[in-house]
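> Please find the sequence and the predicted model below.
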Amino acid sequence: MSPFTILIVEDEDAIRDMLVMVLQQYDFNVLDAIDVAQAQTILHETIPDLILLDWMLPLITGDEWTRRLKASEQYRDIPIILLTAKSEENDKIKGLDLGADDYITKPFSPKELIARIKAVLRRSGKIHDLAQIQFQDIILNTEQHTASIANNTVDLSPTEFRLLRFFLSHPDKVYNRTQLLDQVWGRDVYIEERTVDVHIRRLRKILARHQREDWLQTVRGFGYRFSEHNPK
Ligand code: CA
């Protein structure tokens, strides 16, 4: 449940599909485009956290688009990883000169790809740690399964951890009990909706110890939401 969105620009269907699949497996939100024109349309609506950009594209090539993006005030902060079949050192240097943040030579393994993406996201200062989810002063580490509020360690049961993780990744939106059951407990599990209320109460009690219970809000007639803003 990563909050990071990656835009893939790749004209070869097989490679694009593979990239989409791999990134989705690693819980990234994925947008994909077959060329720069399509990618540009996507950018008008969504600013991704990173662009995975094929070098050899029809019309506008990846290196040319990198140059334009890095010259644009609006888009220059988006990290770019260039993908290419070229393995010559010269092209690599050219790509990095243009402002690309990294460079991956095809063929590459999914593991290498994910490692490069994580490294670039870290370097770009977007994240300190991909395993970390933060909402104000609440921090969850999804690899170590630790939680803290205002630097105080908080003990959570696995269910409370998953519930809080879901809320922190989806702030300000209202979820009803059925949606929370599906998202936090999973669709295949049969649990009464009342169970959700029980865990919400427990989580609220834990938050109350740190004066954060107001953030876990009941929206009458709808469900629950996590927000630092007071309900209207
Ligand atoms: Ca290509």
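Arrived safely. Because the structure is predicted, anything quoted here is derived from the model rather than measured.
> Below-threshold pLDDT in this protein: ranges please.
Residues of the chain meeting the criterion pLDDT under 70: 1-2, 86-92, 95, 126-130, 231-232.
> Which residue ranges of it form strands?
Listed in chain order, the strands of the chain (DSSP state E) span residues 5-9, 29-33, 50-54, 80-84, 102-105, 132-135, 138-141, 146-149, 152-154, 174-175, 216-219, 223-226.
> So which elements touch the fifth one?
This points to strand 102-105. Packing contacts for strand 102-105, counted by 3 or more Cβ pairs under 8 Å, 6 or more residues apart in numbering; DSSP states H and E, involve strand 80-84, helix 89-97, helix 110-123. Bear in mind the C-beta positions are built from the backbone N, C-alpha and C, glycine included.
> quick check: angle from the last one to strand 50-54?
Angle, helix 110-123 to strand 50-54, by axes from the mean of the first three to the mean of the last three Cα atoms, to 10 degrees: 130 degrees.
> Distance from helix 110-123 to the middle of the chain?
How far helix 110-123 lies from its chain's middle: 13 Å, per Cα atoms, centre = their mean, to the nearest Å.
> Can you tell me which of the strands of the chain is most buried?
strand 50-54 (a mean of 26; mean count of other Cβ atoms under 10 Å).
> Return the angle between stretch directions for that strand and strand 29-33.
Between strand 50-54 and strand 29-33, the angle comes out at 30 degrees (the same axes, to 10 degrees).
> ok, strand 50-54: who's next to it in the sheet?
Using DSSP bridges, the strands paired with strand 50-54 in its sheet are strand 5-9 (parallel), strand 80-84 (parallel).
> Any idea which of these gets closest to the ion?
Among the strands paired with strand 50-54, the nearest to the ion by Cβ to the ion is strand 80-84 (8.1 Å).
> close to the ion, is the closest one?
No - for a cut-off given as Cβ under 5 Å from the ion, strand 80-84 has no contacts with the ion; the smallest distance is 8.1 Å.
> Give the burial count for the residue in the chain that the ion sits nearest to, as a bare number.
Across the chain, no residue is closer to the ion than M56, which sits at 3.9 Å (Cβ to the ion). A count of neighbours around M56, defined by other Cβ atoms under 10 Å, yields 15.
> can you give me phi and psi for it?
Dihedral pair for M56: phi -90, psi 90, per degrees, to the nearest 10.
> Which residues are in contact with it?
Applying Cβ atoms under 8 Å, 6 or more residues apart in numbering, one finds that M56 lies in contact with D11, G62, T84, A85.
> again, but for L113
Contacts here follow Cβ under 8 Å, 6+ apart; on that basis L113 touches L19, V22, I104.
> 7 Å instead?
With contact taken as Cβ atoms under 7 Å, 6 or more residues apart in numbering, L113 is in contact with V22, I104.
> cool, L98 as well?
L98 sits next to D63, T66, R67, K70 when contact means Cβ under 7 Å, 6+ apart.
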